[in-house]
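1. Okay, here's the prediction I keep looking at, along with the sequence it came from:
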Amino acid sequence: MANADLEMIRSAAAQEVGFTACRSKLAEVVEKTMKAELIRLGWTLERIHDLERLLDELVGRRSDLVPELETLCGLLADAYFSDRYPGFDLDDPDWPLLNRQLETITKVLATVQDRIKGKTR
(Lines give C-alpha, C1' and ligand atoms only; values in the text may rest on other atoms or scores of the structure.)
Protein backbone atom coordinates (compact mmCIF):
# COMPACT_ATOMS: atom_id res chain seq x y z
CA MET A 1 0.00 0.00 0.00
CA ALA A 2 2.73 2.47 0.92
CA ASN A 3 4.67 1.61 -2.23
CA ALA A 4 1.66 2.47 -4.40
CA ASP A 5 1.33 5.77 -2.55
CA LEU A 6 4.99 6.51 -3.20
CA GLU A 7 4.55 5.79 -6.91
CA MET A 8 1.66 8.26 -7.07
CA ILE A 9 3.66 10.92 -5.23
CA ARG A 10 6.68 10.39 -7.50
CA SER A 11 4.53 10.77 -10.58
CA ALA A 12 2.84 13.95 -9.37
CA ALA A 13 6.12 15.41 -8.09
CA ALA A 14 7.81 14.79 -11.44
CA GLN A 15 5.11 16.94 -13.04
CA GLU A 16 5.00 19.34 -10.08
CA VAL A 17 1.24 19.05 -9.67
CA GLY A 18 -0.82 18.75 -6.51
CA PHE A 19 1.77 19.86 -3.97
CA THR A 20 -0.48 19.81 -0.89
CA ALA A 21 -1.96 16.46 -1.90
CA CYS A 22 1.56 15.05 -2.38
CA ARG A 23 2.70 16.38 0.99
CA SER A 24 -0.37 15.02 2.75
CA LYS A 25 0.02 11.60 1.10
CA LEU A 26 3.72 11.64 1.97
CA ALA A 27 2.79 12.19 5.62
CA GLU A 28 0.48 9.17 5.37
CA VAL A 29 3.35 7.07 4.03
CA VAL A 30 5.51 8.21 6.95
CA GLU A 31 2.69 7.20 9.31
CA LYS A 32 2.32 3.76 7.67
CA THR A 33 6.08 3.21 7.77
CA MET A 34 6.34 4.13 11.43
CA LYS A 35 3.40 1.88 12.33
CA ALA A 36 4.98 -1.02 10.44
CA GLU A 37 8.25 -0.57 12.32
CA LEU A 38 6.41 -0.23 15.63
CA ILE A 39 4.38 -3.40 15.04
CA ARG A 40 7.61 -5.19 14.14
CA LEU A 41 8.96 -4.05 17.52
CA GLY A 42 5.95 -5.39 19.41
CA TRP A 43 3.65 -2.36 19.50
CA THR A 44 -0.09 -2.97 19.47
CA LEU A 45 -1.70 -1.15 16.57
CA GLU A 46 -3.64 1.96 17.54
CA ARG A 47 -5.86 4.11 15.35
CA ILE A 48 -3.84 7.28 15.67
CA HIS A 49 -2.50 9.64 13.05
CA ASP A 50 -0.22 11.75 15.25
CA LEU A 51 3.25 11.51 13.70
CA GLU A 52 4.95 12.97 16.76
CA ARG A 53 3.28 10.46 19.08
CA LEU A 54 4.30 7.61 16.80
CA LEU A 55 7.83 8.98 16.77
CA ASP A 56 7.82 9.03 20.59
CA GLU A 57 6.82 5.36 20.54
CA LEU A 58 9.79 4.61 18.26
CA VAL A 59 12.11 6.58 20.54
CA GLY A 60 10.86 4.53 23.49
CA ARG A 61 11.61 1.34 21.60
CA ARG A 62 15.08 2.61 20.61
CA SER A 63 14.54 2.30 16.87
CA ASP A 64 17.60 3.20 14.85
CA LEU A 65 15.28 4.82 12.30
CA VAL A 66 14.44 7.70 14.63
CA PRO A 67 16.94 10.22 13.17
CA GLU A 68 15.53 9.99 9.64
CA LEU A 69 11.92 9.85 10.83
CA GLU A 70 12.41 12.70 13.27
CA THR A 71 13.37 15.04 10.44
CA LEU A 72 10.40 13.93 8.34
CA CYS A 73 7.95 14.23 11.23
CA GLY A 74 9.18 17.70 12.11
CA LEU A 75 8.48 18.89 8.59
CA LEU A 76 5.30 16.93 7.87
CA ALA A 77 3.40 16.73 11.17
CA ASP A 78 1.76 20.14 10.83
CA ALA A 79 1.26 19.79 7.08
CA TYR A 80 -0.59 16.52 7.61
CA PHE A 81 -3.44 18.44 9.22
CA SER A 82 -3.12 21.99 7.89
CA ASP A 83 -3.19 20.87 4.25
CA ARG A 84 -6.69 19.52 4.84
CA TYR A 85 -8.19 22.88 5.77
CA PRO A 86 -8.57 26.08 3.73
CA GLY A 87 -6.52 29.11 4.64
CA PHE A 88 -3.35 27.24 5.56
CA ASP A 89 -2.03 26.92 2.00
CA LEU A 90 -0.24 30.25 1.90
CA ASP A 91 3.30 28.95 1.35
CA ASP A 92 4.74 28.41 -2.10
CA PRO A 93 5.29 24.75 -3.00
CA ASP A 94 8.80 23.54 -2.15
CA TRP A 95 9.23 20.72 -4.66
CA PRO A 96 12.96 20.19 -3.97
CA LEU A 97 12.22 19.65 -0.26
CA LEU A 98 9.34 17.31 -1.04
CA ASN A 99 11.59 15.29 -3.37
CA ARG A 100 14.24 14.98 -0.63
CA GLN A 101 11.57 13.83 1.82
CA LEU A 102 10.31 11.36 -0.76
CA GLU A 103 13.81 9.94 -1.18
CA THR A 104 14.28 9.63 2.58
CA ILE A 105 10.99 7.83 3.26
CA THR A 106 11.58 5.53 0.29
CA LYS A 107 14.83 4.38 1.90
CA VAL A 108 13.31 4.07 5.37
CA LEU A 109 10.35 2.09 4.03
CA ALA A 110 12.70 -0.27 2.18
CA THR A 111 14.60 -0.85 5.43
CA VAL A 112 11.41 -1.63 7.33
CA GLN A 113 10.17 -3.95 4.60
CA ASP A 114 13.49 -5.81 4.62
CA ARG A 115 13.32 -6.16 8.39
CA ILE A 116 9.81 -7.53 8.23
CA LYS A 117 10.93 -10.06 5.61
CA GLY A 118 13.78 -11.07 7.91
CA LYS A 119 16.57 -9.43 5.98
CA THR A 120 19.15 -7.30 7.73
CA ARG A 121 19.81 -3.75 6.69
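-> Thanks, I have the structure now.

2. What's the separation between the residue nearest to the spatial centre of the chain and Glu70?
-> Central residue of the chain (C-alpha atoms, centre = their mean): Val30, 1.6 Å from the mean position. Noted for Val30: a distance of 11 Å to Glu70, by C-beta to C-beta, to the nearest Å. All C-beta atoms are positioned from the backbone trio N, CA, C, and that covers glycine.

3. Correct me if wrong: Ala79 contacts Arg23.
-> Yes - if you go by C-beta atoms under 8 Å, Ala79 and Arg23 touch, sitting 5.0 Å apart.

4. can you list contacts of stretch 44-64?
-> Here stretch 44-64 makes contact (C-beta atoms under 8 Å, 6 or more residues apart in numbering) with 27, 30-31, 34-35, 37-39, 41-43, 65-66, 69-70, 72-73, 76-77, 80.

5. rerun that using 6 Å as the cut-off
-> 34, 37-38, 41, 66, 69, 73, 77 (C-beta atoms under 6 Å, 6 or more residues apart in numbering).

6. sorry, back to before: which residues lie in contact with the residue nearest to the centre of the chain in this structure?
-> 72, 76, 105.

7. Scan those residues and report the most crowded one.
-> Ile105 (25 neighbours; other C-beta atoms under 10 Å).

8. where does the protein have its least confident helix or strand?
-> helix 66-82 (a mean of 83; mean pLDDT, DSSP states H and E).

9. Counting by contacts, list what that one packs against.
-> Helices and strands touching helix 66-82, by 3 or more C-beta pairs under 6 Å, 6 or more residues apart in numbering; DSSP states H and E, are helix 19-40, helix 51-60, helix 95-116.
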